[in-house]
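J.: can't give you the sequence, but here's the structure:
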Ligand code: ARG
(Lines give C-alpha, C1' and ligand atoms only; values in the text may rest on other atoms or scores of the structure.)
Protein backbone atom coordinates (compact mmCIF):
# COMPACT_ATOMS: atom_id res chain seq x y z
CA UNK A 1 0.00 0.00 0.00
CA UNK A 2 1.33 3.44 -0.88
CA UNK A 3 1.91 6.05 1.82
CA UNK A 4 -1.21 7.95 0.76
CA UNK A 5 -3.46 4.90 0.27
CA UNK A 6 -5.98 5.55 3.07
CA UNK A 7 -8.43 7.48 0.96
CA UNK A 8 -8.68 4.83 -1.74
CA UNK A 9 -10.49 1.51 -1.89
CA UNK A 10 -8.48 0.19 -4.84
CA UNK A 11 -4.79 0.20 -5.59
CA UNK A 12 -3.53 2.32 -8.51
CA UNK A 13 -3.58 0.90 -11.98
CA UNK A 14 -0.23 -0.63 -12.96
CA UNK A 15 0.16 1.51 -16.07
CA UNK A 16 -0.54 4.66 -14.07
CA UNK A 17 2.05 3.56 -11.52
CA UNK A 18 4.64 3.07 -14.24
CA UNK A 19 3.86 6.55 -15.53
CA UNK A 20 3.63 8.26 -12.17
CA UNK A 21 6.57 6.71 -10.31
CA UNK A 22 9.80 8.68 -10.34
CA UNK A 23 11.95 6.33 -8.28
CA UNK A 24 13.83 5.15 -11.38
CA UNK A 25 15.49 8.51 -11.71
CA UNK A 26 15.00 10.38 -8.42
CA UNK A 27 16.72 7.70 -6.29
CA UNK A 28 19.94 9.68 -6.90
CA UNK A 29 18.57 12.28 -4.48
CA UNK A 30 18.75 9.83 -1.57
CA UNK A 31 21.57 11.61 0.29
CA UNK A 32 19.86 15.00 0.03
CA UNK A 33 16.52 13.48 1.01
CA UNK A 34 17.98 11.88 4.12
CA UNK A 35 19.96 14.99 5.00
CA UNK A 36 16.75 17.04 4.80
CA UNK A 37 14.93 14.51 6.97
CA UNK A 38 17.61 14.46 9.65
CA UNK A 39 17.48 18.23 9.92
CA UNK A 40 13.68 18.16 9.89
CA UNK A 41 13.58 15.57 12.71
CA UNK A 42 15.75 17.89 14.80
CA UNK A 43 13.45 20.83 14.02
CA UNK A 44 10.42 18.78 15.12
CA UNK A 45 12.14 17.93 18.40
CA UNK A 46 13.13 21.54 18.89
CA UNK A 47 9.50 22.55 18.32
CA UNK A 48 8.50 19.87 20.88
CA UNK A 49 6.37 18.07 18.29
CA UNK A 50 8.37 14.91 18.98
CA UNK A 51 10.61 14.13 21.93
CA UNK A 52 14.37 14.33 21.80
CA UNK A 53 14.51 10.55 22.18
CA UNK A 54 12.13 10.05 19.27
CA UNK A 55 14.26 12.37 17.15
CA UNK A 56 17.37 10.34 18.05
CA UNK A 57 15.64 7.12 17.06
CA UNK A 58 14.48 8.58 13.76
CA UNK A 59 17.90 10.06 13.00
CA UNK A 60 19.58 6.72 13.82
CA UNK A 61 17.19 4.97 11.44
CA UNK A 62 17.82 7.54 8.71
CA UNK A 63 21.58 7.05 9.10
CA UNK A 64 21.07 3.34 8.58
CA UNK A 65 19.02 4.00 5.43
CA UNK A 66 21.79 6.25 4.16
CA UNK A 67 24.34 3.58 4.86
CA UNK A 68 22.25 1.03 2.94
CA UNK A 69 22.10 3.35 -0.08
CA UNK A 70 25.80 4.16 0.11
CA UNK A 71 26.74 0.50 0.16
CA UNK A 72 24.25 -0.45 -2.57
CA UNK A 73 22.39 -2.61 -0.08
CA UNK A 74 19.12 -0.69 -0.16
CA UNK A 75 16.28 -2.89 -1.36
CA UNK A 76 13.54 -1.11 -3.25
CA UNK A 77 9.97 -2.23 -2.64
CA UNK A 78 7.11 -2.53 -5.12
CA UNK A 79 5.35 0.49 -3.66
CA UNK A 80 8.31 2.86 -3.58
CA UNK A 81 6.86 5.60 -5.72
CA UNK A 82 9.71 8.03 -5.34
CA UNK A 83 12.79 8.55 -3.20
CA UNK A 84 10.77 10.24 -0.45
CA UNK A 85 8.35 7.36 -0.01
CA UNK A 86 11.17 4.80 -0.30
CA UNK A 87 13.20 6.41 2.48
CA UNK A 88 10.17 6.84 4.76
CA UNK A 89 8.98 3.27 4.15
CA UNK A 90 12.39 1.86 5.02
CA UNK A 91 12.74 4.16 8.03
CA UNK A 92 9.48 2.85 9.47
CA UNK A 93 10.61 -0.74 8.84
CA UNK A 94 13.78 -0.03 10.82
CA UNK A 95 12.52 2.11 13.72
CA UNK A 96 8.85 1.14 13.81
CA UNK A 97 5.83 3.41 14.25
CA UNK A 98 7.83 6.37 15.57
CA UNK A 99 9.21 6.74 12.02
CA UNK A 100 5.71 7.76 11.00
CA UNK A 101 6.11 10.98 13.01
CA UNK A 102 8.82 12.35 10.74
CA UNK A 103 6.46 13.63 8.06
CA UNK A 104 4.48 15.78 10.55
CA UNK A 105 3.76 19.14 8.95
CA UNK A 106 5.90 18.24 5.96
CA UNK A 107 4.79 17.47 2.43
CA UNK A 108 6.62 15.83 -0.42
CA UNK A 109 6.13 19.21 -2.06
CA UNK A 110 8.47 21.11 0.25
CA UNK A 111 10.58 17.98 0.58
CA UNK A 112 11.31 17.43 -3.12
CA UNK A 113 11.89 21.14 -3.70
CA UNK A 114 14.46 21.08 -0.87
CA UNK A 115 16.17 17.87 -1.99
CA UNK A 116 16.48 18.99 -5.56
CA UNK A 117 17.83 22.42 -4.64
CA UNK A 118 20.49 20.83 -2.46
CA UNK A 119 21.40 18.52 -5.31
CA UNK A 120 21.44 21.40 -7.82
CA UNK A 121 23.64 23.60 -5.61
CA UNK A 122 26.23 20.82 -5.53
CA UNK A 123 25.85 20.06 -9.23
CA UNK A 124 26.45 23.73 -10.05
CA UNK A 125 29.68 23.59 -8.08
CA UNK A 126 30.83 20.43 -9.85
CA UNK A 127 30.12 21.92 -13.25
CA UNK A 128 32.03 25.05 -12.24
CA UNK A 129 35.06 23.04 -11.20
CA UNK A 130 35.04 20.98 -14.41
CA UNK A 131 34.86 24.23 -16.35
CA UNK A 132 37.85 25.54 -14.44
CA UNK A 133 39.91 22.57 -15.72
CA UNK A 134 39.09 23.57 -19.27
CA UNK A 135 39.86 27.22 -18.57
CA UNK A 136 43.28 26.20 -17.21
CA UNK A 137 43.92 24.08 -20.30
CA UNK A 138 43.10 27.06 -22.54
CA UNK A 139 45.60 29.23 -20.66
CA UNK A 140 48.28 26.55 -20.76
CA UNK A 141 48.00 26.12 -24.53
CA UNK A 142 47.66 29.85 -25.19
CA UNK A 143 50.55 31.11 -23.10
CA UNK A 144 53.51 29.97 -25.28
CA UNK A 145 51.75 31.30 -28.40
CA UNK A 146 51.41 35.02 -27.79
CA UNK A 147 53.54 35.63 -30.89
CA UNK A 148 52.31 32.78 -33.09
CA UNK A 149 50.17 34.40 -35.77
CA UNK A 150 47.21 32.97 -37.67
CA UNK A 151 44.58 34.58 -39.88
CA UNK A 152 41.69 35.95 -37.87
CA UNK A 153 38.29 35.66 -39.53
CA UNK A 154 35.02 37.54 -39.67
CA UNK A 155 32.20 35.97 -41.68
CA UNK A 156 34.72 33.09 -41.90
CA UNK A 157 36.59 35.25 -44.47
CA UNK A 158 40.21 36.30 -43.84
CA UNK A 159 40.11 39.54 -41.81
CA UNK A 160 43.19 40.51 -39.78
CA UNK A 161 46.11 38.61 -38.27
CA UNK A 162 45.76 37.64 -34.62
CA UNK A 163 47.78 35.49 -32.25
CA UNK A 164 46.96 31.91 -31.34
CA UNK A 165 46.87 32.96 -27.69
CA UNK A 166 44.33 35.66 -28.47
CA UNK A 167 42.13 33.17 -30.31
CA UNK A 168 42.23 30.60 -27.50
CA UNK A 169 41.78 33.14 -24.72
CA UNK A 170 38.58 34.41 -26.31
CA UNK A 171 37.01 31.14 -25.14
CA UNK A 172 38.41 31.55 -21.65
CA UNK A 173 36.32 34.70 -21.21
CA UNK A 174 33.17 33.10 -22.59
CA UNK A 175 33.59 30.35 -20.02
CA UNK A 176 34.24 32.91 -17.32
CA UNK A 177 30.83 34.44 -18.04
CA UNK A 178 29.41 30.92 -17.70
CA UNK A 179 31.12 30.69 -14.32
CA UNK A 180 29.49 33.95 -13.38
CA UNK A 181 26.07 32.65 -14.42
CA UNK A 182 26.61 29.52 -12.34
CA UNK A 183 27.60 31.61 -9.33
CA UNK A 184 24.55 33.83 -9.57
CA UNK A 185 22.25 30.86 -10.19
CA UNK A 186 23.70 29.26 -7.07
CA UNK A 187 23.12 32.40 -5.02
CA UNK A 188 19.49 32.60 -6.14
CA UNK A 189 18.83 28.94 -5.43
CA UNK A 190 20.07 29.18 -1.84
CA UNK A 191 16.52 29.61 -0.50
CA UNK A 192 15.18 26.74 1.56
CA UNK A 193 11.61 25.55 0.85
CA UNK A 194 11.50 23.11 3.81
CA UNK A 195 8.83 24.05 6.33
CA UNK A 196 6.47 25.31 3.62
CA UNK A 197 4.27 22.23 3.94
CA UNK A 198 2.16 21.31 0.93
CA UNK A 199 1.53 24.96 0.03
CA UNK A 200 0.16 26.89 3.01
CA UNK A 201 2.99 26.66 5.53
CA UNK A 202 3.67 24.54 8.59
CA UNK A 203 1.25 24.58 11.55
CA UNK A 204 3.94 23.35 13.94
CA UNK A 205 6.48 25.82 15.30
CA UNK A 206 9.43 24.61 13.21
CA UNK A 207 12.13 27.22 12.84
CA UNK A 208 12.52 27.75 9.09
CA UNK A 209 15.60 29.93 9.49
CA UNK A 210 17.28 27.17 11.43
CA UNK A 211 16.21 24.55 8.86
CA UNK A 212 17.71 26.70 6.10
CA UNK A 213 20.95 27.27 7.99
CA UNK A 214 21.32 23.59 8.98
CA UNK A 215 21.04 22.54 5.34
CA UNK A 216 23.52 25.12 4.07
CA UNK A 217 20.98 27.46 2.49
CA UNK A 218 21.29 31.21 2.87
CA UNK A 219 17.68 31.84 3.87
CA UNK A 220 14.18 30.32 3.91
CA UNK A 221 11.88 31.01 0.93
CA UNK A 222 9.63 33.99 1.66
CA UNK A 223 6.32 32.53 0.53
CA UNK A 224 5.31 28.91 1.07
CA UNK A 225 3.05 28.82 -2.01
CA UNK A 226 5.88 30.08 -4.20
CA UNK A 227 8.54 27.98 -2.47
CA UNK A 228 6.95 24.60 -3.23
CA UNK A 229 6.55 25.28 -6.94
CA UNK A 230 9.53 27.52 -7.70
CA UNK A 231 11.72 25.74 -10.24
CA UNK A 232 13.53 28.86 -11.44
CA UNK A 233 16.72 27.28 -10.18
CA UNK A 234 16.26 24.40 -12.62
CA UNK A 235 15.68 26.78 -15.52
CA UNK A 236 18.66 28.90 -14.40
CA UNK A 237 20.99 25.91 -14.40
CA UNK A 238 19.61 24.51 -17.66
CA UNK A 239 20.24 27.91 -19.22
CA UNK A 240 23.71 28.30 -17.75
CA UNK A 241 24.64 24.81 -18.99
CA UNK A 242 23.09 25.43 -22.42
CA UNK A 243 24.88 28.71 -23.03
CA UNK A 244 28.10 27.13 -21.83
CA UNK A 245 27.60 24.29 -24.31
CA UNK A 246 26.90 26.85 -27.04
CA UNK A 247 30.26 28.49 -26.28
CA UNK A 248 31.96 25.12 -26.41
CA UNK A 249 30.23 24.20 -29.64
CA UNK A 250 31.78 27.34 -31.14
CA UNK A 251 35.20 26.28 -29.90
CA UNK A 252 34.51 22.82 -31.32
CA UNK A 253 33.58 24.32 -34.68
CA UNK A 254 36.83 26.34 -34.80
CA UNK A 255 38.79 23.21 -33.97
CA UNK A 256 36.95 21.27 -36.68
CA UNK A 257 37.71 23.92 -39.27
CA UNK A 258 41.31 24.57 -38.22
CA UNK A 259 42.12 20.87 -38.11
CA UNK A 260 40.74 20.30 -41.59
CA UNK A 261 43.76 19.62 -43.89
CA UNK A 262 42.73 22.59 -46.05
CA UNK A 263 43.68 24.72 -43.02
CA UNK A 264 45.99 22.38 -41.11
CA UNK A 265 46.46 24.95 -38.33
CA UNK A 266 46.07 22.45 -35.51
CA UNK A 267 46.15 18.71 -35.01
CA UNK A 268 44.04 16.89 -32.47
CA UNK A 269 45.97 14.31 -30.52
CA UNK A 270 45.52 10.68 -31.63
CA UNK A 271 43.75 9.92 -28.35
CA UNK A 272 41.02 12.40 -29.20
CA UNK A 273 40.69 11.64 -32.91
CA UNK A 274 38.76 8.87 -34.60
CA UNK A 275 39.18 7.03 -37.89
CA UNK A 276 36.95 5.66 -40.61
CA UNK A 277 36.03 2.01 -41.07
CA UNK A 278 36.35 2.47 -44.82
CA UNK A 279 38.73 5.32 -45.64
CA UNK A 280 42.17 4.63 -44.21
CA UNK A 281 43.40 8.23 -44.39
CA UNK A 282 40.63 9.68 -42.23
CA UNK A 283 41.27 11.54 -39.06
CA UNK A 284 38.01 12.79 -37.63
CA UNK A 285 37.42 15.11 -34.71
CA UNK A 286 34.43 13.24 -33.28
CA UNK A 287 34.66 14.76 -29.79
CA UNK A 288 34.18 18.19 -31.34
CA UNK A 289 31.21 17.03 -33.38
CA UNK A 290 29.71 15.49 -30.25
CA UNK A 291 30.22 18.77 -28.42
CA UNK A 292 28.42 20.58 -31.23
CA UNK A 293 25.70 17.93 -31.51
CA UNK A 294 24.96 17.53 -27.83
CA UNK A 295 24.49 21.28 -27.53
CA UNK A 296 21.19 20.71 -29.33
CA UNK A 297 20.23 18.28 -26.62
CA UNK A 298 21.00 20.80 -23.87
CA UNK A 299 19.00 23.50 -25.61
CA UNK A 300 16.17 20.97 -26.00
CA UNK A 301 16.18 20.22 -22.27
CA UNK A 302 15.97 23.94 -21.53
CA UNK A 303 13.22 24.77 -23.97
CA UNK A 304 11.29 21.63 -23.06
CA UNK A 305 11.36 22.47 -19.38
CA UNK A 306 10.43 26.11 -19.93
CA UNK A 307 7.39 24.81 -21.82
CA UNK A 308 6.56 22.58 -18.87
CA UNK A 309 6.57 25.57 -16.53
CA UNK A 310 4.48 27.80 -18.75
CA UNK A 311 0.97 28.40 -17.47
CA UNK A 312 1.12 26.07 -14.45
CA UNK A 313 -1.48 27.05 -11.88
CA UNK A 314 -0.30 28.11 -8.41
CA UNK A 315 1.19 25.55 -6.08
CA UNK A 316 2.78 22.18 -6.77
CA UNK A 317 1.67 20.29 -9.88
CA UNK A 318 2.92 16.90 -10.96
CA UNK A 319 4.21 18.49 -14.18
CA UNK A 320 7.09 19.64 -12.00
CA UNK A 321 8.36 16.09 -11.75
CA UNK A 322 9.68 16.72 -15.28
CA UNK A 323 12.37 18.94 -13.75
CA UNK A 324 14.67 16.11 -12.75
CA UNK A 325 15.38 14.16 -15.92
CA UNK A 326 15.96 17.40 -17.83
CA UNK A 327 18.53 18.70 -15.36
CA UNK A 328 20.13 15.30 -14.72
CA UNK A 329 20.54 14.80 -18.45
CA UNK A 330 22.01 18.23 -19.16
CA UNK A 331 24.49 18.05 -16.30
CA UNK A 332 25.45 14.45 -17.02
CA UNK A 333 26.00 15.38 -20.67
CA UNK A 334 28.31 18.24 -19.66
CA UNK A 335 30.04 15.99 -17.16
CA UNK A 336 30.88 13.52 -19.95
CA UNK A 337 31.91 16.19 -22.44
CA UNK A 338 34.02 18.53 -20.35
CA UNK A 339 36.95 16.24 -19.45
CA UNK A 340 37.27 15.16 -23.08
CA UNK A 341 37.11 18.70 -24.40
CA UNK A 342 39.62 19.87 -21.78
CA UNK A 343 42.04 17.05 -22.60
CA UNK A 344 41.60 17.58 -26.36
CA UNK A 345 42.48 21.24 -25.92
CA UNK A 346 45.37 20.50 -23.57
CA UNK A 347 46.92 18.11 -26.12
CA UNK A 348 46.26 20.23 -29.21
CA UNK A 349 49.26 20.53 -31.55
CA UNK A 350 49.69 24.06 -32.91
CA UNK A 351 51.09 24.02 -36.46
CA UNK A 352 52.68 27.46 -36.61
CA UNK A 353 54.07 26.92 -40.13
CA UNK A 354 50.68 26.10 -41.64
CA UNK A 355 49.26 29.17 -39.94
CA UNK A 356 52.00 31.35 -41.28
CA UNK A 357 51.57 29.88 -44.79
CA UNK A 358 47.92 30.86 -44.65
CA UNK A 359 48.66 34.52 -43.95
CA UNK A 360 47.80 36.38 -47.13
CA UNK A 361 48.63 40.03 -47.57
CA UNK A 362 44.94 40.86 -47.86
CA UNK A 363 44.93 40.54 -44.08
CA UNK A 364 47.07 43.71 -44.03
CA UNK A 365 44.72 45.87 -46.11
CA UNK A 366 43.46 47.60 -42.95
CA UNK A 367 47.07 48.26 -41.92
CA UNK A 368 47.67 49.82 -45.31
CA UNK A 369 44.70 52.13 -44.80
CA UNK A 370 45.96 52.96 -41.29
CA UNK A 371 49.33 53.85 -42.85
CA UNK A 372 47.63 56.46 -45.04
CA UNK A 373 45.68 57.76 -42.03
CA UNK A 374 48.94 58.27 -40.16
CA UNK A 375 50.17 60.29 -43.15
CA UNK A 376 47.14 62.56 -42.81
CA UNK A 377 44.42 61.08 -45.05
CA UNK A 378 40.93 60.81 -43.52
CA UNK A 379 40.13 57.13 -42.87
CA UNK A 380 37.16 56.95 -45.24
CA UNK A 381 39.35 58.13 -48.14
CA UNK A 382 42.18 55.83 -47.09
CA UNK A 383 39.74 52.89 -47.07
CA UNK A 384 38.63 53.75 -50.57
CA UNK A 385 42.21 54.11 -51.84
CA UNK A 386 43.28 50.76 -50.41
CA UNK A 387 40.15 49.18 -51.87
CA UNK A 388 41.32 50.34 -55.28
CA UNK A 389 44.79 48.94 -54.63
CA UNK A 390 43.39 45.56 -53.54
CA UNK A 391 41.35 45.49 -56.76
CA UNK A 392 44.41 46.33 -58.89
CA UNK A 393 46.47 43.60 -57.20
CA UNK A 394 43.67 41.07 -57.71
CA UNK A 395 43.41 42.02 -61.39
CA UNK A 396 47.14 41.50 -61.84
CA UNK A 397 47.11 38.33 -59.78
CA UNK A 398 49.75 39.96 -57.57
CA UNK A 399 50.24 40.32 -53.84
CA UNK A 400 49.79 43.81 -52.37
CA UNK A 401 53.51 44.13 -51.71
CA UNK A 402 54.28 43.25 -55.35
CA UNK A 403 52.78 46.55 -56.52
CA UNK A 404 55.52 49.12 -57.04
CA UNK A 405 55.56 52.51 -55.37
CA UNK A 406 54.59 54.24 -58.60
CA UNK A 407 51.38 52.20 -58.85
CA UNK A 408 50.58 52.92 -55.22
CA UNK A 409 51.23 56.62 -55.70
CA UNK A 410 48.93 56.68 -58.72
CA UNK A 411 46.16 55.92 -56.24
CA UNK A 412 47.36 58.14 -53.37
CA UNK A 413 50.18 60.63 -53.17
CA UNK A 414 50.55 59.81 -49.47
CA UNK A 415 52.38 56.54 -50.23
CA UNK A 416 56.16 56.70 -49.71
CA UNK A 417 59.13 54.28 -49.47
CA UNK A 418 58.35 53.45 -45.84
CA UNK A 419 55.14 51.63 -46.95
CA UNK A 420 57.25 48.46 -47.24
CA UNK A 421 57.25 48.17 -43.43
CA UNK A 422 53.47 47.63 -43.45
CA UNK A 423 53.81 44.19 -45.03
CA UNK A 424 54.71 42.45 -41.84
CA UNK A 425 52.14 40.27 -40.06
CA UNK A 426 54.01 40.35 -36.77
CA UNK A 427 54.02 44.12 -36.82
CA UNK A 428 50.28 44.23 -37.53
CA UNK A 429 49.64 42.09 -34.45
CA UNK A 430 52.19 44.03 -32.43
CA UNK A 431 50.40 47.32 -33.12
CA UNK A 432 47.07 46.27 -31.67
CA UNK A 433 48.12 47.19 -28.17
CA UNK A 434 44.82 48.52 -26.90
CA UNK A 435 43.33 46.86 -23.79
CA UNK A 436 42.06 43.44 -24.87
CA UNK A 437 43.83 43.65 -28.25
CA UNK A 438 45.92 40.94 -29.90
CA UNK A 439 49.41 42.41 -29.36
CA UNK A 440 51.66 40.03 -27.43
CA UNK A 441 51.92 42.52 -24.56
CA UNK A 442 48.15 42.99 -24.33
CA UNK A 443 47.54 39.24 -24.50
CA UNK A 444 50.11 38.59 -21.78
CA UNK A 445 48.25 41.01 -19.54
CA UNK A 446 45.00 39.28 -20.51
CA UNK A 447 46.48 35.93 -19.47
CA UNK A 448 47.69 37.44 -16.22
CA UNK A 449 44.17 38.64 -15.42
CA UNK A 450 42.74 35.28 -16.43
CA UNK A 451 45.10 33.51 -14.04
CA UNK A 452 44.11 35.78 -11.20
CA UNK A 453 40.40 35.19 -11.97
CA UNK A 454 41.06 31.43 -11.76
CA UNK A 455 42.87 31.76 -8.43
CA UNK A 456 39.88 33.51 -6.82
N1 LIG B 1 8.12 12.68 -7.25
C2 LIG B 1 7.55 13.96 -7.02
C3 LIG B 1 8.28 15.01 -7.83
O4 LIG B 1 9.34 14.74 -8.27
C5 LIG B 1 7.63 14.29 -5.58
C6 LIG B 1 6.58 15.24 -5.12
C7 LIG B 1 5.26 14.58 -5.15
N8 LIG B 1 4.27 15.43 -4.59
C9 LIG B 1 2.97 15.17 -4.74
N10 LIG B 1 2.15 15.98 -4.23
N11 LIG B 1 2.58 14.12 -5.41
O12 LIG B 1 7.83 16.12 -8.02
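T.: Sure, I can see it. The shown structure was predicted, so the numbers you read here are calculated from the model rather than taken from an experiment.

J.: how near is residue 250 to residue 341?
T.: Counting by CB to CB, to the nearest Å, the gap from residue 250 to residue 341 is 12 Å. Where you see a C-beta, it was placed from the backbone N, CA and C, and this is true even at glycine.

J.: more neighbours, those two?
T.: Per other CB atoms under 10 Å, whichever of residue 250 and residue 341 has more neighbours is residue 341, with 24 against 16.

J.: tell me which residues in the helix or strand containing the more buried one are buried?
T.: Per DSSP states H and E: residue 341 is located in helix 322-346. Neighbour counts over helix 322-346 (16 or more other CB atoms under 10 Å) mark 322-331, 333-334, 337-338, 340-346 as buried.

J.: and the residue of the stretch 301-450 of the chain nearest the ligand?
T.: Residue nearest to the ligand within the stretch 301-450 of the chain: residue 321 (3.8 Å; CB to the nearest ligand atom).

J.: ok, that residue touching residue 22?
T.: Yes: using CB atoms under 8 Å, residue 321 makes contact with residue 22 at a distance of 5.4 Å.

J.: looking at the residue of the stretch 351-456 of the chain found nearest the ligand now. What's its pLDDT?
T.: Residue nearest to the ligand within the stretch 351-456 of the chain: residue 456 (35.8 Å; CB to the nearest ligand atom). At residue 456, the predicted lDDT confidence score is 89.

J.: tally of neighbours for it?
T.: If we define neighbours as other CB under 10 Å, then residue 456 has 5 of them.

J.: which strands and helices sit next to the host helix or strand of residue 369?
T.: Assigned by DSSP H and E, residue 369 belongs to helix 365-375. Here helix 365-375 touches helix 379-396, helix 425-431, going by 3 or more CB pairs under 8 Å, 6 or more residues apart in numbering; DSSP states H and E.

J.: list the buried ones in that helix?
T.: Neighbour-count burial for helix 365-375, counted by 16+ other CB under 10 Å, picks out 365, 367, 368, 369, 370, 371, 372, 373.

J.: among the residues you listed, which pair sits farthest apart?
T.: Maximum pairwise distance in the buried residues of helix 365-375, criterion CB to CB, is 13.0 Å, between 365 and 373.

J.: who's in contact with residue 315?
T.: By CB atoms under 8 Å, 6 or more residues apart in numbering, the contact set of residue 315 is 109, 198, 199, 225, 228, 229.

J.: and the last one, how far from residue 221?
T.: In this structure, residue 229 and residue 221 are 10 Å apart, going by CB to CB.

J.: for the two, indicate the residue with more neighbours.
T.: More neighbours surround residue 221 than the other of residue 229 and residue 221, with 23 against 20 (other CB under 10 Å).

J.: and what about residue 161, helix, strand or coil?
T.: When classified by DSSP: H, G, I helix; E, B strand; the rest coil, residue 161 comes out as strand.
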